[in-house]
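J.: sequence? don't have it. structure:
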């Protein structure tokens, strides 16, 4: 099977225990949980049996070890995760509103994540990649952007493919160089995986189909719009395919979009039809929200198939 490589932040997530809890006063917290959008994505790909690897950096601390052990347990190649003495593993504190909104306090750029670089281990890993996945939240520094550009160029030169999940949080949208990096990746992507209104950040059209058509005209092979509880739709030159979501009781929504993306990309790389790839991806996303913690619900292939059979 084709090997997926990604690059970007690895961090721990610590959550407010109560809805509408403020970070302005002391309150109960739960965690740490392994996290980071590219880490969640690659964890899910690995648990589906896809050859998978990540380029990243963590501190020489329990938070870093927690993440590395989790990824290794999921079958992910961690050889290009640098461990830095004297730097702390990245973190995200998240609180939930009653309306479903989430607010984050990130420590990424000034953590070990900010020390990511294109070292020999990263170069060696890129040389083995058949597919490169980019998460927009990872484009927070010139170092990561350099790795992403190198990875994309190397994979494309070998006839490989690229997927792009913009995953743009409002807290990082104004990061210097972010917009230019996003445009660079989209211009080279084969699969584009926006969530909801992210689609309209890259198109002039005001309707979904029109915006997707604009992006397809740039050379993207598939535009897959994630809609959470409303399912997903894939636009290709030959038309659109809709797939409904699987109703489940939501415990924690963080990471569901990354799990969906990993599911779709993994099965697309295996040659599955679009309708089945969407259905499998929807199952990954549904199962992801049923447990507390961004990676706690990432399912194995057996779990995905069993879940789908139970909902047939």
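T.: Done, it's in. In this text the structure is predicted, and so the values were computed from the model without any measurement.
J.: centroid residue for this protein?
T.: With distances taken as C-alpha atoms, centre = their mean, the residue of the chain nearest its centroid is residue 258 (3.7 Å).
J.: I'd assumed that residue was in a helix, is it?
T.: Yes. Per DSSP: H, G, I helix; E, B strand; the rest coil, residue 258 lies within a helix segment.
J.: so it is in contact with residue 44, correct?
T.: Yes. At 6.7 Å, residue 258 and residue 44 qualify as touching, with contact defined as C-beta atoms under 8 Å. The way it works is simple: take the backbone N, C-alpha and C, and place the C-beta from them, glycine included.
J.: chain neighbours aside, what residue packs nearest to residue 220?
T.: residue 192 (5.0 Å; C-beta to C-beta, 6 or more residues apart in numbering).
J.: so how many other residues sit close to that neighbour?
T.: 26 (other C-beta atoms under 10 Å).
J.: hang on, it packs against residue 222?
T.: Yes. The pair residue 192 and residue 222 passes the contact test of C-beta under 8 Å, sitting 7.2 Å apart.
J.: OK, contacts around the residue nearest to the centre of the chain?
T.: By C-beta atoms under 8 Å, 6 or more residues apart in numbering, residue 258 lies in contact with 37, 38, 40, 41, 44, 135, 165, 167, 294.
J.: remind me which helix or strand the second one belongs to.
T.: Secondary-structure element containing residue 38, defined by DSSP states H and E: helix 37-47.
J.: that helix packs against which elements?
T.: The contact analysis (3 or more C-beta pairs under 8 Å, 6 or more residues apart in numbering; DSSP states H and E) places helix 37-47 against strand 4-7, strand 52-59, helix 62-73, strand 131-135, helix 256-269.
J.: what separation do you get for residue 55 and residue 268?
T.: Distance, residue 55 to residue 268, using C-beta to C-beta, to the nearest Å: 22 Å.
J.: now do the same for the residue nearest to the centre of the chain: its pLDDT.
T.: Looking at residue 258, its pLDDT reads 96.
J.: list the neighbours of the helix holding residue 38 that are in contact with it.
T.: Contacts for helix 37-47 (C-beta under 8 Å, 6+ apart): 4, 6-11, 34, 52-54, 56, 67, 70-71, 74-76, 133, 135, 137-138, 165, 167, 255, 258-259, 261-263, 265-266, 284, 288, 294-295, 298-301.
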